[in-house]
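Trainee: here is a sequence together with a model predicted from it:
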Amino acid sequence: MPQTWHLAVLGIVQGLTEFLPVSSSAHLVFAEAVLGVPRAGVLLEAVVHLGTVGAVLLVYGRDLARVLAVWLRRPLDLGGPGRLVWLLACTSLVTGALGFAFREPLEASFASVRWTALQLVVTGLVLWFTGERSRRRAEELTWQDAGWIGLAQAVAIVPGISRSGITIAAALWRGLAREEAARYSFLASVPAILGAAAFSVGKEWSAAGSFGYTPSGMLVAFSAALASGAAAIVWLVNVVRRGRLRSFSYYCWTVGGTIFVVSLLGGIR
């Protein structure tokens, strides 16, 4: 049965690593294995992901409200400031379609520590090849750009692939300025994470009690993820602005490689 402090730790791990480009899913899998916390499917992951949605809204809520207000006044204006809403919808549609189509093998992949470690190494490679190529704003993305970012976000459902890392990298490759790439990545996370998390919570909540998960414990995990996630967003935006995203590659390679070797030796299963 998980202790309250276990859930607080897992919430903090999720909040920090959801937005830092080091894969929250990988770190949750690793942390659960180290702490010996039983897995109720992907229920815990879903709850702490809802906490990180709250973190995005805490930091970017005013920006998102402004964009939505403009869009609501002129929803069919595809060339104005409200265009960002349609671009985010395009990204979310691609992510949702691919995530739904491959949901069963993706959920099953969370059970393998070794596979997760390998994908974290892949994340490091993706980050290594990032770089700003132009100075476009998010509102200037094309539909193809939004689709490619949606594809990248769908790939990040695989545990070990960082959602923030691969979507920021994709946005940079498609020509966004550094800070705009981070902004678009975080805003795009809201519908993607909210939809997947709500689906998982509704599907698996009834089984929570048999694994020792209580509503109060889940609230602790949610709150810890929200607070640590907001701090991580603010810090990462500053890192991306200075062009230092690739420095996280070393972390991904070190942690992923170490966990992989330890799993081979039987230290973590």
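Mentor: Yep, it's here.
Trainee: chain center to the longest helix that the chain contains, what's the gap?
Mentor: The single longest helix within the chain, with elements called by DSSP state H, is helix 43-73. Distance, stretch centre to chain centre, for helix 43-73: 13 Å (Cα atoms, centre = their mean, to the nearest Å).
Trainee: quick check: next helix or strand after it?
Mentor: Next helix or strand after helix 43-73 toward the C-terminus (DSSP states H and E): helix 83-101.
Trainee: tell me what angle that next one forms with helix 43-73.
Mentor: 150 degrees (axes from the mean of the first three to the mean of the last three Cα atoms, to 10 degrees).
Trainee: give me the contacts around helix 83-101.
Mentor: Applying Cβ atoms under 8 Å, 6 or more residues apart in numbering, the external contacts of helix 83-101 come out as 67-68, 71, 75, 77-78, 106, 138-139, 141, 143, 145-147, 149-151, 153-154, 157, 184, 187-188, 191-192, 195-196. (Glycine included, C-beta is placed from N, CA and C.)
Trainee: list the buried residues in it.
Mentor: 83-88, 90-92, 94-96, 98-99 (16 or more other Cβ atoms under 10 Å).
Trainee: returning to what we had before: average model confidence for the longest helix of the chain?
Mentor: Average pLDDT, helix 43-73: 89.
Trainee: buried residues in it, which are they?
Mentor: Buried residues in helix 43-73, counted by 16+ other Cβ under 10 Å: 43-57, 59-60, 64, 67, 70-71.
Trainee: and that helix, what does it pack against?
Mentor: helix 4-19, helix 24-35, helix 83-101, helix 178-204, helix 215-241 (3 or more Cβ pairs under 8 Å, 6 or more residues apart in numbering; DSSP states H and E).
Trainee: and the angle for it with helix 4-19?
Mentor: Interaxial angle of helix 43-73 relative to helix 4-19 (the same axes, to 10 degrees): 40 degrees.
Trainee: just the angle for helix 43-73 relative to helix 215-241, thanks.
Mentor: 60 degrees.
Trainee: wait, S162 touches T123, no?
Mentor: Yes: between S162 and T123 there is a contact under Cβ atoms under 8 Å: 4.7 Å.
Trainee: what do the two both touch?
Mentor: 21-23, 26, 252.
Trainee: and these, which is the shakiest by pLDDT?
Mentor: Scoring the shared contacts of S162 and T123 by pLDDT puts A26 last, at 81.
Trainee: against R163, how distant is that residue?
Mentor: Distance from A26 to R163, counting by Cβ to Cβ, to the nearest Å: 11 Å.
Trainee: where in the stretch 1-150 of the chain is pLDDT low?
Mentor: When residues are selected by pLDDT under 70, those of the stretch 1-150 of the chain lie in 1-2, 38-42, 106-111, 132.
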